[in-house]
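In: okay, predicted coordinates and the sequence, questions at the end:
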Amino acid sequence: MTEGLHESCGVFGIFGDEHAAEKTYLGLYALQHRGQESAGISVSDGHVLSIHKGMGLVRTVFNSHEILRSLKGFAAIGHNRYSTEGESKTINAQPLLIQFRGGQIAGVHNGNLVNALELRKRMENTGSIFQTTSDSEIVLHLIARSEEQEIVEMIYDALKRLDGAFSFLFLTPERLIAARDPYGFRPLCLGRSGDAVVVASETCAFDIIGAQYTRSIEPGEIVVVSSSGIESRMLPTRGKNAMCIFEYIYFSRPDSIIFNDKVDKIRRRLGKTLAREAPVEADIVIAIPDSANTAALGYAQASNLRFEIGLIRNHYVGRTFIDPEQGMRDIDVKVKFNPVTGVLNNKRVVVVDDSIVRGTTLRQLVKIIRGAGAKEVHVRISSPPVISPCYYGIDISRSGELIASSKSVDEICNFIGADSLAYLSVEGMLGTVSESNSFCTACFTGRYPTPVPQNYDKMQLGMNKINRCV
Ligand code: SF4
């Protein structure tokens, strides 16, 4: 992925560890790829919740020992956030922490609620005042307004009113509560670190603290962790599961387990299937680094071609979407990628990428690869064409931004200047996962698992803008 799609947020939680803040900080480090706009941690000492959050990367927000030392407690939740354009404000950074009749509660959210505007309007009409433009705040309001008396019942009552994608972590002085929406759009993993219970978007956050993966939290499951142990209950079902297949294609790290399967394994299969569906006479296979590396390895293995490092990515500039301001999006691709001329010169090159959004960056890269002497450039994409917006937590907001929504594969091939272009088929993609009918494929097929808002444009919601935690 060279452009356009923005990650989901990353969440991490731990209960029962005297170094809860430090472990959460490390977990957030491992989840940095899921959000770079802001970071935050809330900690419980058993009586009171404390919090620290701010704009920027984890290392920027937690830039001294004193900050972590001040977050004393045995339980914590943390969040890395990616925000939509124009709404990168500290007030929207998470965790969100409120005080209400039930005491203190902090929450972090990965996903996007499709009925957020409707819920917010209804609450505003009856007197609610919102401080943020985050849809996550709506849930805290629903919890506070619940007629139930006990906190877990209040959370259950609030969550069953939501539609869309959510992987939530809540922290109260005595409990850590993790919840995944009934479709299971976003991943949420459960593990153990000694006697402590840990929860994270991806298991790479467990590895960094030496925690062991136990299982995926089920779609619709609410897991309550307290000094009495772990309890689980289910939200009402909403039809079949709809786990985000894009997590396997691009968003999650290849060293993670999500949805109970290894990302590396599925991503390699995507490349292998692509090689079988779209073979080409060539000398070498290269990846658009880093996200397409694993799929390119799979392509090379299945086609008996040599995998080479043909492009070097400059990691010190970050990803183009590190800053959603328009100016940063247009940053010259040459700042990020440099060709290895000795590898590419006089070769017929297969270039594997995981997806195409606008195609503008890929067009520049094809030019750079040709400029390094490649005789032929054949582009292979390890997912089907992205034709529709995502309403579930990934920032694909307008069909007009998606080149495949208006152009044929041949037209896209012409636009990027490749000798040939082929995408993985929807069937091929679904053949790489177990329980293929449990996945959302809406951005590739236009078939949405939930009703979606009409005339939705999250960039133009004005005063009613809801800032998705995407
Ligand atoms: Fe994932 Fe695409 Fe579905 Fe969004 S629409 S949840 S990106 S598969």
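Out: That came through fine.
In: surely residue 347 is in contact with residue 286?
Out: No: at 9.1 Å, residue 347 and residue 286 do not qualify as touching, with contact defined as CB atoms under 8 Å. C-betas here are computed from N, CA, C, even on glycine.
In: buried residues, whatever helix or strand residue 213 lives in. List them.
Out: In this structure, residue 213 sits in strand 212-216 according to DSSP states H and E. Across strand 212-216, burial judged by 16 or more other CB atoms under 10 Å covers 213-214, 216.
In: and it, what does it pack onto?
Out: strand 189-193 (3 or more CB pairs under 8 Å, 6 or more residues apart in numbering; DSSP states H and E).
In: given the strand it packs on, what are its sheet partners and their directions?
Out: strand 196-200 (antiparallel), strand 212-216 (antiparallel) (DSSP bridges).
In: name the residues of that strand that come out as buried.
Out: So for strand 189-193, counting by 16+ other CB under 10 Å, buried means 189-191, 193.
In: mean confidence (pLDDT) on that strand, please.
Out: Per-region confidence: strand 189-193 scores 98 on mean pLDDT.
In: likewise stretch 246-263?
Out: 97.
In: from the stretch 201-350 of the chain, which residue is nearest to the ligand?
Out: The ligand sits closest to residue 244 of the stretch 201-350 of the chain, with a gap of 3.2 Å, by CB to the nearest ligand atom.
In: pull the CA atoms of stretch 240-253 into CSV?
Out: Only the C-alpha atoms of stretch 240-253 are listed here, as CSV (Å, rounded to 0.1, in the frame of the first residue of the first chain):
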residue,chain,number,x,y,z
LYS,A,240,-23.4,-13.5,10.2
ASN,A,241,-20.0,-12.4,11.1
ALA,A,242,-18.2,-9.8,9.0
MET,A,243,-14.6,-9.7,10.0
CYS,A,244,-12.5,-7.2,8.0
ILE,A,245,-10.5,-9.1,5.4
PHE,A,246,-8.4,-6.0,4.8
GLU,A,247,-6.8,-6.6,8.2
TYR,A,248,-5.2,-9.6,6.6
ILE,A,249,-4.4,-7.9,3.3
TYR,A,250,-2.8,-4.7,4.7
PHE,A,251,-3.7,-3.3,8.1
SER,A,252,-2.3,-5.8,10.6
ARG,A,253,1.3,-6.6,11.1
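In: picking up where we left off before, columns distance to the ligand and pLDDT on top of the buried residues of strand 212-216, output as JSON lines?
Out: Compiled in JSON lines, these are given as follows (distance: CB to the nearest ligand atom, whole Å; pLDDT from 0 to 100):
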{"residue": "213", "distance to the ligand": "22", "pLDDT": "98"}
{"residue": "214", "distance to the ligand": "25", "pLDDT": "98"}
{"residue": "216", "distance to the ligand": "16", "pLDDT": "98"}
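In: ok, how many other residues are close to residue 451?
Out: 11 (other CB atoms under 10 Å).
In: and it, what's its pLDDT?
Out: Taking residue 451 on its own, its pLDDT is 89.
In: any idea how far residue 168 is from it?
Out: Residue 451 sits 21 Å away from residue 168, going by CB to CB, to the nearest Å.
In: check contacts around the residue of the stretch 201-350 of the chain closest to the ligand.
Out: Going by CB atoms under 8 Å, 6 or more residues apart in numbering, residue 244 touches 165, 185-186, 251, 392-394, 439-440.
In: residue 276 now?
Out: 302, 428.
In: doesn't it fall inside a helix?
Out: Yes: per DSSP: H, G, I helix; E, B strand; the rest coil, residue 276 lies within a helix segment.
In: what residues does the stretch 151-300 of the chain have near the ligand?
Out: 185, 244-246 (CB under 6 Å from any ligand atom).
In: list the buried residues for stretch 96-111?
Out: Neighbour counts over stretch 96-111 (16+ other CB under 10 Å) mark 96-98, 102, 104-111 as buried.
In: so which of those residues comes closest to the ligand?
Out: Nearest to the ligand out of those is residue 111 (CB to the nearest ligand atom; 8.9 Å).
In: I figured that closest one hits residue 164, correct?
Out: Yes: counting by CB under 8 Å, residue 111 does reach residue 164; the two are 6.6 Å apart.
In: between the two, what contacts are shared?
Out: 181, 185, 392.
In: now the last one: how far from the ligand?
Out: Spelled out, that is residue 392. Note on residue 392: its distance to the ligand, by CB to the nearest ligand atom, to the nearest Å, is 4 Å.
In: give the buried subset of the residues of the stretch 151-300 of the chain next to the ligand as a PyMOL selection command.
Out: Remark: buried members of those, expressed as a PyMOL selection using 16+ other CB under 10 Å:
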select buried, resi 185+244+245+246
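In: can I get the residues of the stretch 151-300 of the chain next to the ligand in JSON lines with distance to residue 418 and secondary structure?
Out: Formatted as JSON lines, those follow (distance: CB to CB, whole Å; DSSP: H, G, I helix; E, B strand; the rest coil):
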{"residue": "185", "distance to residue 418": "33", "secondary structure": "coil"}
{"residue": "244", "distance to residue 418": "28", "secondary structure": "strand"}
{"residue": "245", "distance to residue 418": "25", "secondary structure": "coil"}
{"residue": "246", "distance to residue 418": "23", "secondary structure": "helix"}
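In: quickly find the element holding the residue lying closest to residue 277 once chain neighbours are set aside.
Out: Nearest residue to residue 277, sequence neighbours excluded (CB to CB, 6 or more residues apart in numbering): residue 428, at 5.3 Å. For residue 428, the host element (DSSP H and E) is helix 426-430.
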